[in-house]
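> turn this into a structure:
(one chain, ligands or ions: 1)
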Amino acid sequence: MIEIDRLSKVYGGVPVVDDVSFTIGRGDICVVVGTSGSGKTTLMRMINRLVEPTGGSVRIGGQDTRAFIGHELRRRIGYVIQGNGLFPHRSVAQNIATVPQLLHWERARIAARVDELLSLFHLDPARYRDRFPGELSGGQQQRVGVARALAAEPGILLMDEPFGALDPILRGKAQADLLAIQRRFGTTVMLVTHDMDEAMALGNKIAVMDGGRLLQYAPPAEIIARPATGFVADLIGSGDRPFRMLALDTVFNHVEPGTAAGDAIDGHASLRDAYAECLWSGRDALPVVRDGRRIGRITLATLTRLAARP
Ligand SMILES: Nc1ncnc2c1ncn2[C@@H]1O[C@H](COP(=O)(O)OP(=O)(O)OP(=O)(O)O)[C@@H](O)[C@H]1O
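Okay, the predicted model is just below:
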């Protein structure tokens, strides 16, 4: 659990983070959104004390972060930045091993962890562990960057625009990987992004910043349905609201008995995808499959009802 308590940062008399308080629950994914210069990065960097607060405090697991020496705190908190920041002259394995080595893990344990993480990120260890970052694609480098941040099994992962440089396809895959890994390790994640779709896809809580202040901190459905200010409403985009609402849920949760004609949709698909398929194919219901077997249908009427303001 991360408790952010009246946190402020002032540069040259100007508050860039202004009296911000909120709590990130253990195992939560908190996504921080806001306009450029709203203080997102500064807020994040005060969690691992790359930036020292002017006022307020941060507690992790009940302990004030000021009780730690800065670099020791940072060894316990994974940190990923856009462009991954890999060491170019160290191999993939050496990059991932950075923090475990600082913590004096045994060699065999480090080697096993490197291979485990490479496999988790769909990189064959035998093929990739001895390569250098320059010998990887951008998407592969980004995965190694996240693997490095997770190497010492941190309870907390801070991610600053981690997928900003990836194309939309790779971005979707990187988001799915992050969700799978977060579920597996139960890591508490704080992620900064400019992309509202990404925020909604990943966050179970969204923090909206503007001018250094926290405007709203709530689950995505709450932010969409009840934006705290006009600024938050604008950020979501009024034309996108019904579609954002549908994107939050999957077909499985709304299957009805009955049949429908035409190609089926997988139950894991989002309601937004189901809605798009109904419109595109001109159907008012789609068959739903689970593991290749038809289990019922989803109707346009249900999707329309679920897209409305709750
Ligand atoms: N070291 C610094 N000295 C002075 N001003 C700073 C410093 N770091 C950040 N700022 C200012 O603080 C404000 C917030 O910056 P920050 O990087 O936290 O915003 P952000 O929301 O992450 O922006 P972006 O989305 O563009 O990355 C900006 O006006 C920035 O110019």
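> so which bits of the chain are right by the ligand?
11, 16, 34, 36, 37, 38, 39, 40, 41, 42 (C-beta under 6 Å from any ligand atom). Using the backbone N, CA and C atoms, a C-beta is placed for each residue, glycine as well.
> which of these are buried, as a PyMOL select command?
In PyMOL, this line selects whichever of the residues of the chain next to the ligand come out buried by 16 or more other C-beta atoms under 10 Å:
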select buried, resi 16+34+38+39+40+41+42
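> which of the residues of the chain next to the ligand lies closest to residue 298?
Nearest to residue 298 among the residues of the chain next to the ligand: residue 34, at 34.8 Å, using C-beta to C-beta.
> need the residues that contact the host helix or strand of residue 286.
Assigned by DSSP states H and E, residue 286 belongs to strand 285-290. For strand 285-290, the surrounding residues in contact (C-beta atoms under 8 Å, 6 or more residues apart in numbering) are 251-252, 255, 258-267, 274, 277-278, 294-300.
> any of those residues buried? List them.
251, 255, 260, 264-265, 267, 274, 277-278, 296-300.
> measure the spatially most central residue of the chain to the ligand for me?
By C-alpha atoms, centre = their mean, the chain has its centre lying nearest to residue 202, at 4.6 Å. Distance, residue 202 to the ligand, using C-beta to the nearest ligand atom, to the nearest Å: 17 Å.
> check residue 207 too.
Counting by C-beta to the nearest ligand atom - residue 207 and the ligand are separated by 11 Å.
> just checking, that residue touches residue 29?
No. Checked against C-beta atoms under 8 Å, the pair residue 207 and residue 29 is beyond contact range at 11.3 Å.
> quick one: the helices in the stretch 51-200 of the chain, in order.
Under the criterion DSSP state H, counting those that start in this stretch, the stretch 51-200 of the chain carries helices at the ranges 70-75, 92-96, 98-102, 107-120, 125-128, 138-150, 168-185, 196-202.
> any buried residues in the shortest one, and which?
Read it as helix 125-128. 125, 128.
> that one packs against which elements?
Counting contacts by 3 or more C-beta pairs under 8 Å, 6 or more residues apart in numbering; DSSP states H and E, helix 125-128 packs against helix 107-120.
> put the alpha carbons of the helix it packs on into PDB.
The C-alpha trace of helix 107-120 is given here as PDB (Å, rounded to 0.1, in the frame of the first residue of the first chain):
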ATOM      1  CA  ARG A 107      24.500 -16.300  -9.200                       C
ATOM      2  CA  ALA A 108      22.300 -19.300  -9.700                       C
ATOM      3  CA  ARG A 109      19.300 -17.400  -8.300                       C
ATOM      4  CA  ILE A 110      20.000 -14.500 -10.600                       C
ATOM      5  CA  ALA A 111      20.400 -16.700 -13.700                       C
ATOM      6  CA  ALA A 112      17.100 -18.400 -12.900                       C
ATOM      7  CA  ARG A 113      15.300 -15.100 -12.400                       C
ATOM      8  CA  VAL A 114      16.700 -13.700 -15.700                       C
ATOM      9  CA  ASP A 115      15.500 -16.800 -17.600                       C
ATOM     10  CA  GLU A 116      12.100 -16.800 -15.800                       C
ATOM     11  CA  LEU A 117      11.500 -13.100 -16.700                       C
ATOM     12  CA  LEU A 118      12.700 -13.500 -20.400                       C
ATOM     13  CA  SER A 119      10.300 -16.400 -20.800                       C
ATOM     14  CA  LEU A 120       7.400 -14.500 -19.200                       C
END
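> follow-up on the earlier one: of the contacts of strand 285-290, which belong to strands?
Of these, the ones assigned to strands by DSSP state E are 265, 266, 294, 295, 296, 297, 298, 299.
> now those in JSON lines, with distance to residue 242 and pLDDT?
Shown next, in JSON lines, are those (distance: C-beta to C-beta, whole Å; pLDDT from 0 to 100):
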{"residue": "265", "distance to residue 242": "18", "pLDDT": "96"}
{"residue": "266", "distance to residue 242": "22", "pLDDT": "95"}
{"residue": "294", "distance to residue 242": "27", "pLDDT": "92"}
{"residue": "295", "distance to residue 242": "26", "pLDDT": "93"}
{"residue": "296", "distance to residue 242": "23", "pLDDT": "95"}
{"residue": "297", "distance to residue 242": "21", "pLDDT": "96"}
{"residue": "298", "distance to residue 242": "16", "pLDDT": "97"}
{"residue": "299", "distance to residue 242": "16", "pLDDT": "96"}
